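Engineer: Mind folding the following:
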Amino acid sequence: MKRIYKTAALALFCAFSWPAAAAPGGPVPREVAASFREAGLRTAARTASPVDFTLPVLAGGKQRLSDLKGKVVFLNFWATWCGPCRSEMPSMEALYRRFRDSGLEVLAVNCAENRRDVVDFMKNNGLSFPAVLDESGEASGRYGIRAIPTTYILNRDGEIILKVTGSMDWNTPKIIAAFETLLAD
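Structural biologist: Numbers count the residues shown, from 1 in each chain. The predicted structure follows:
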């Protein structure tokens with residue numbers, strides 16, 4: 001009986017862990033799901049539509065999430081004061097440099113900090129992937145971000161296939177292989 005309750009609780013967590021406006025989509029391709037599972041990450045059974053947003057980019061201009069459709073998007077919510085966020089940033093940079101010419105876009109959404117702090121952090125840590133500012137916290141709120149870092153992976157169709165809460169080393173052979181499979185899909 002305990003197993004049934006545990007399974008039901010897990011199902012509820014998974015069902016309600018997507019952004020507020022997420023609508024269920026199609027199944028995640030088996031080879032993509034298997035590749036991420038091999039890396040220790042479980043994709044969703046079905047894709048979900050992300051909540052769209054437009055935020056200012058550190059380098060200037062604005063970035064609308066839906067404009068990245070056609071690329072695989074690594075959408076990361078973070079802050080400069082967050083130790084786990086800081087520890088995963090070098091591996092995110094390595095992943096970005098490895099796959100940016102193959103269609104991977106890293107979009108680092110800074111949660112409610114001022115521009116100067118974020119610019120200094122990115123520069124001091126040699127980070128070249130795009131960062132956007134969610135100074136009001138509106139986008140983070142619409143995604144239901146309760147812990148950082150939180151990362152969503154979107155396929156080329158602009159659909160969420162995976163959510164990871166917590167820090168990871170994104171530059172491991174198995175995760176690299178999973179992204180190779182996703183980028184080839």
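
Engineer: only C-alpha atoms for contact and neighbour calcs from this point on.
Structural biologist: OK.

Engineer: Quick check: buried residues in stretch 36-45?
Structural biologist: Neighbour-count burial for stretch 36-45 flags 36, 39, 41-45 (criterion: 16 or more other CA atoms under 10 Å).

Engineer: now do stretch 125-144
Structural biologist: Result for stretch 125-144 [16+ other CA under 10 Å]: buried residues 127, 129-135, 137, 139-140, 142-143.

Engineer: Render the CA-only coordinates of the top helix by length along the chain in CSV, please.
Structural biologist: Determined from DSSP state H, the single longest helix within the chain is helix 83-99. The C-alpha coordinates for helix 83-99 follow below in CSV (Å, rounded to 0.1, in the frame of the first residue of the first chain):
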residue,chain,number,x,y,z
GLY,A,83,26.4,28.3,-4.8
PRO,A,84,25.0,25.3,-6.8
CYS,A,85,24.3,27.7,-9.7
ARG,A,86,27.8,28.9,-9.7
SER,A,87,29.2,25.3,-9.5
GLU,A,88,27.3,24.2,-12.7
MET,A,89,28.1,27.2,-14.8
PRO,A,90,31.5,26.0,-16.1
SER,A,91,29.9,22.7,-17.3
MET,A,92,27.1,24.7,-19.0
GLU,A,93,29.7,26.8,-20.8
ALA,A,94,31.5,23.7,-21.9
LEU,A,95,28.2,22.2,-23.3
TYR,A,96,27.4,25.5,-25.0
ARG,A,97,30.8,25.8,-26.7
ARG,A,98,30.7,22.2,-27.8
PHE,A,99,27.2,22.3,-29.3
